[in-house]
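Engineer: Fold the following.
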Amino acid sequence: MTTAAVRTTSAAAIRSLRRDELAQVFELCQRCFDIAYTWDHLETYRCRARDGFLVATDGDDIVGVVVAIGTRLPWLLGRAGEIALLGVDARHRSRGLGRKLLRAAVEYLRSRGMREARLHVDVGNRVAIALYESAGMYTSHVVKGYYRNGNDALRMVGKL
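Structural biologist: Now for the predicted structure:
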């Protein structure tokens, strides 16, 4: 990938995942996360999120992903949606793509009738925490041992 291609990331397109792209997202997640999501995790998210499983593309490459899950019956089950995953390829970071993906997830959740977004983030992931705080999210509590490696997570919440 050329430097020029990386510089165009802020113009990356955000769209729903296509069925045949899950393998690319799986590979992206292997690069993005210390504890990568399994294929089964991604399949479950694809089924639960449907059109809320969004990817950022730069040309033919998937360079970012966000999964926003809204309840199917918000008037019955509550109006809180979940942002289950947000990741950007390291070569495309620091260009506003994480913020763009987060905005797309929030808009998706709003369109599904959600009034609140919730997520978990590793307590040591200062960049992600700063992104979420800049979007108006706050820490509701710490979840001890949330991740498979034993790390704690912050439960963050934001009004939509």
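Engineer: Strands of this structure, start to end?
Structural biologist: Ranges of strands within the chain are 13-16, 53-58, 61-69, 80-88, 116-122, 138-143, 153-159, based on DSSP state E.
Engineer: what lines up beside the last one in the sheet?
Structural biologist: With DSSP bridges as the test, strand 153-159 is paired with strand 116-122 (antiparallel), strand 138-143 (antiparallel).
Engineer: Make sure V142 is actually in contact with A153.
Structural biologist: Yes. Counting by CB atoms under 8 Å, A153 is a contact partner of V142 at 7.2 Å. (C-beta placed from N, C-alpha, C; glycine too.)
Engineer: Name the residue in those two with the higher neighbour count.
Structural biologist: Legend: neighbour count by other CB atoms under 10 Å for V142 and A153, higher for A153 (19 against 11).
Engineer: quick one: the nearest residue to the more buried one once chain neighbours are set aside and L54, what's the gap?
Structural biologist: Nearest non-adjacent residue to A153, counting by CB to CB, 6 or more residues apart in numbering: Y146, 3.6 Å away. As for Y146, its distance to L54 is 23 Å (criterion: CB to CB, to the nearest Å).
Engineer: the more surrounded of these two?
Structural biologist: L54 (21 against 17).
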